[in-house]
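S.K.: I'll drop the sequence and a predicted model, then ask my questions.
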Amino acid sequence: MGAKPVILVTGANGQLGKELKQLEQAFSGYTFIFLSREDLPIHHFELVRNFFKGYHPQYLINCAAYTAVDKAETEQDLAFQVNGEAVGVLAAVCKEYRTRFLHISTDYVFDGNGTAPYQPDSPTNPQSVYGASKLMGEQQAVQFNPESIIIRTSWVYSEFGKNFVKTMMKLMAEREDLNVVNDQVGSPTYAADLAAVIMQIINSGKWVPGLYHYSNEGVINWYEFALAIKEISQSGCRVHPIPSSQYPTPAKRPSYSVMDTTSLLHTWSLAPKPWKESLKVCMARLHN
Ligand SMILES: NC(=O)c1ccc[n+]([C@@H]2O[C@H](COP(=O)([O-])OP(=O)(O)OC[C@H]3O[C@@H](n4cnc5c(N)ncnc54)[C@H](OP(=O)(O)O)[C@@H]3O)[C@@H](O)[C@H]2O)c1
């Protein structure tokens, strides 16, 4: 029997990285190497090269990203270094070592003024530093490694790290009233579902380079998302809808973030799960 294919996972301590770690046993035909920011800061290019020399991985799943959307407005250089330049280096090193590169991007590459679901080839027009830096990463990945697979996702939550679901559950337990914006629509993504999709793509043995979209199925606004969290947690907190104008943030949020996910379905027969089912699964895990 030959050696197992090696999968390097960067940004392993983030939401998606930790959900991939949960799948390690289910995909025991692979050797996973999980690298946190401390293990491998992806913007230290020499370290990246040395890792590849040592491991010769068959796959790299890049879960590392500068994700502090508001802070990015004042930390432009670091955001572009991590989300842009470093992705180009990862892509180039993958090409050199014949490693298959799977990278994650975001709905923030669009301007959010759309009225119909964004297609992978819809025009991009980021409205924030974070969005622009992630777009640079996509472009660098394609330029330095045309064999890359890039999956854009939106509204990611999980049992791990900081996210809307965990924040709402905490606030609903502490407060009697909560205001949530109702004029930004999109589709939530349970990071565990995205992790499973990534592994199914790898395990399919079918590598079709290109840009794809993945989120859970269904379109809601943040207020509706909060109402579902309230319902599932049986919280007595009163949730009120407010316009975004009453909740200003340094980085502009897209009003419309819905992405068409059918190319994943057509290419790998991967149909997204309905958002509320996945939310229930995540909240049950959090409860336990
Ligand atoms: N969260 C969302 O709502 C959302 C929406 C759309 C797209 N995405 C994309 O989905 C992907 C996964 O996001 P996520 O929610 O899992 O993000 P996350 O929880 O913020 O995880 C990102 C990870 O990257 C690590 N990291 C940051 N800078 C790094 C560097 N220079 N070198 C190596 N690692 C570094 C972080 O390390 P520390 O743990 O030390 O901070 C963190 O563990 C990202 O590409 C993100 O842009 C996320």
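M.R.: The structure has been received and is ready for your questions.
S.K.: check contacts around residue 105.
M.R.: By C-beta atoms under 8 Å, 6 or more residues apart in numbering, residue 105 lies in contact with 134-135, 137-138, 150-153, 211. C-beta here means a position set from N, CA and C on the backbone, and glycine is covered the same way.
S.K.: So for the residue of the stretch 151-288 of the chain found nearest the ligand, what's the nearest residue that isn't a sequence neighbour?
M.R.: With C-beta to the nearest ligand atom, the shortest gap between the stretch 151-288 of the chain and the ligand falls at residue 156, namely 3.4 Å. Spatial nearest neighbour of residue 156, excluding adjacent residues (C-beta to C-beta, 6 or more residues apart in numbering): residue 189 at 4.9 Å.
S.K.: Up against the ligand, what does the stretch 51-200 of the chain have?
M.R.: 63-67, 82, 104, 106, 134, 153-156, 161 (C-beta under 6 Å from any ligand atom).
S.K.: now, among those, which is nearest to residue 179?
M.R.: Checking those against residue 179 with C-beta to C-beta, the nearest one is residue 155 at 18.4 Å.
S.K.: And the contacts of the helix or strand containing residue 192?
M.R.: Per DSSP states H and E: residue 192 is located in helix 191-204. Residues from elsewhere that reach helix 191-204, judged by C-beta under 8 Å, 6+ apart: 7, 15-16, 18-20, 22-23, 26-27, 29-30, 59, 61, 100, 102, 104, 149, 151, 153, 156-158, 160, 214, 216, 264, 268, 270, 272-273, 278, 281-282.
S.K.: how about a cut-off of 6 Å?
M.R.: With contacts defined as C-beta atoms under 6 Å, 6 or more residues apart in numbering, helix 191-204 is touched by 15-16, 19-20, 23, 27, 59, 153, 156, 158, 214, 268, 270, 273, 278.
S.K.: likewise stretch 244-261?
M.R.: Stretch 244-261 is contacted by residues 69-70, 73, 107, 112, 114, 117-119, 127-128, 154, 181, 183-187, 213-214, 219, 272 when judged by C-beta under 6 Å, 6+ apart.
S.K.: Just the buried residues out of these, in ChimeraX syntax.
M.R.: In ChimeraX, a selection of the buried entries from those looks like this (16 or more other C-beta atoms under 10 Å):
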select :69,73,107,112,114,117,118,127,128,154,181,183,184,185,186,187,213,214,272
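S.K.: Of the contacts of stretch 244-261, which belong to helices?
M.R.: Among the contacts of stretch 244-261, DSSP state H puts none in helices.
S.K.: hmm, back to that, what is the distance between the helix holding residue 192 and the centre of its chain?
M.R.: Here the centre of helix 191-204 is set off from its chain's centre by 12 Å, with C-alpha atoms, centre = their mean, to the nearest Å.
S.K.: could you dump that helix to PDB, C-alpha only?
M.R.: Coordinates of the C-alpha atoms in helix 191-204 are reproduced here as PDB (Å, rounded to 0.1, in the frame of the first residue of the first chain):
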ATOM      1  CA  ALA A 191     -18.600  25.900   8.600                       C
ATOM      2  CA  ALA A 192     -19.100  22.100   9.300                       C
ATOM      3  CA  ASP A 193     -21.100  21.800   6.000                       C
ATOM      4  CA  LEU A 194     -18.400  23.800   4.100                       C
ATOM      5  CA  ALA A 195     -15.700  21.500   5.600                       C
ATOM      6  CA  ALA A 196     -17.700  18.400   4.500                       C
ATOM      7  CA  VAL A 197     -18.100  19.800   1.000                       C
ATOM      8  CA  ILE A 198     -14.300  20.500   0.700                       C
ATOM      9  CA  MET A 199     -13.500  17.000   1.700                       C
ATOM     10  CA  GLN A 200     -16.100  15.500  -0.700                       C
ATOM     11  CA  ILE A 201     -14.500  17.500  -3.500                       C
ATOM     12  CA  ILE A 202     -11.000  16.200  -2.600                       C
ATOM     13  CA  ASN A 203     -12.300  12.700  -2.100                       C
ATOM     14  CA  SER A 204     -14.200  12.700  -5.400                       C
END
